[in-house]
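Peer 1: I would like the atomic coordinates for the input below:
(one chain, ligands or ions: 1)
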Amino acid sequence: MGNRHAQPHEQIETHDPMTFVVPPQLEAEIDERITHYPQKRSASLMLLHALQEHFGFLPKEAIEWTARKLEVQPIHMHELVTFYPMFRQEPVGKYVIKVCRTLSCALGGSKQLHEHFCSKLGLDAHGHGIQTTKDGRFSVEFVECLASCGTAPVMMCNEDFYEGVSHAKADAILADCKNK
Ligand code: FES
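Peer 2: Reported below is the predicted structural model:
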């Protein structure tokens, strides 16, 4: 079981530009990190990750903000966001549960584990893409190999990593989130 405890990201509710405000402290950190790159543009992925970590997803205002910050055209940022599957353009739950579906985990019962989470949370296990509860607390999705194939089935809840996840362990993870 992982022991890194990330703070659940903050959420912004709409794509209204008025709600997209990068806090001064985060902007200062970003500005400092950009100085480590030979060209501003090379900091694109770092910056997108930083904004997604803070907001939970990347609305178009985040893409435009990033482009202005790095002095590139927004289309370049948009291409990155749509190319890399780890970037999200829609809001997700406060807790994002990622269940590995690659071979070892599939053989170890990850499909049933995913269904178990969906069933517990009232989500459609067969729906397309990430599924989010109506109250915005939980999202559940399948992901590809999380690089711990020998301890299947493997999953993450935000930044916490869990191995050999039984249904009972899944219930404990959910209960832990609900009690926070
Ligand atoms: S197959 Fe699941 S961690 Fe590699």
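Peer 1: Could you use CA atoms for every contact and neighbour count after this?
Peer 2: OK.
Peer 1: now the protein, which segments are flagged as low pLDDT?
Peer 2: For the chain, the stretches with pLDDT under 70 are 1-18.
Peer 1: which residues of it fall in strands?
Peer 2: Assigned strands in the chain, in chain order: 95-100, 131-132, 138-143, 155-157, 160-162 (criterion: DSSP state E).
Peer 1: Just the angle for the third one relative to strand 95-100, thanks.
Peer 2: By that I understand strand 138-143. Angle between the axes of strand 138-143 and strand 95-100 is 20 degrees (criterion: axes from the mean of the first three to the mean of the last three Cα atoms, to 10 degrees).
Peer 1: Okay, now the sheet partners of strand 138-143, with direction.
Peer 2: As defined by DSSP bridges, the strand partners of strand 138-143 come to strand 95-100 (parallel), strand 131-132 (antiparallel).
Peer 1: Relative to the ligand, which of those is closest?
Peer 2: Among the strands paired with strand 138-143, strand 95-100 comes nearest to the ligand, with 4.8 Å by Cα to the nearest ligand atom.
Peer 1: what residues does this structure put near the ligand?
Peer 2: For the chain, the residues in contact with the ligand (Cα under 6 Å from any ligand atom) are 100, 102, 103, 104, 105, 145, 146, 147, 148, 149, 152, 154.
Peer 1: hmm, what's the outermost residue in this protein?
Peer 2: Within the chain, residue 38 marks the point farthest from the mean C-alpha position, 27.9 Å out by Cα atoms, centre = their mean.
Peer 1: Could you export the strands paired with strand 138-143 to JSON lines, including columns for mean neighbour count?
Peer 2: Shown next, in JSON lines, are the strands paired with strand 138-143 (neighbours: other Cα atoms under 10 Å):
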{"stretch": "strand 95-100", "mean neighbour count": "25"}
{"stretch": "strand 131-132", "mean neighbour count": "24"}
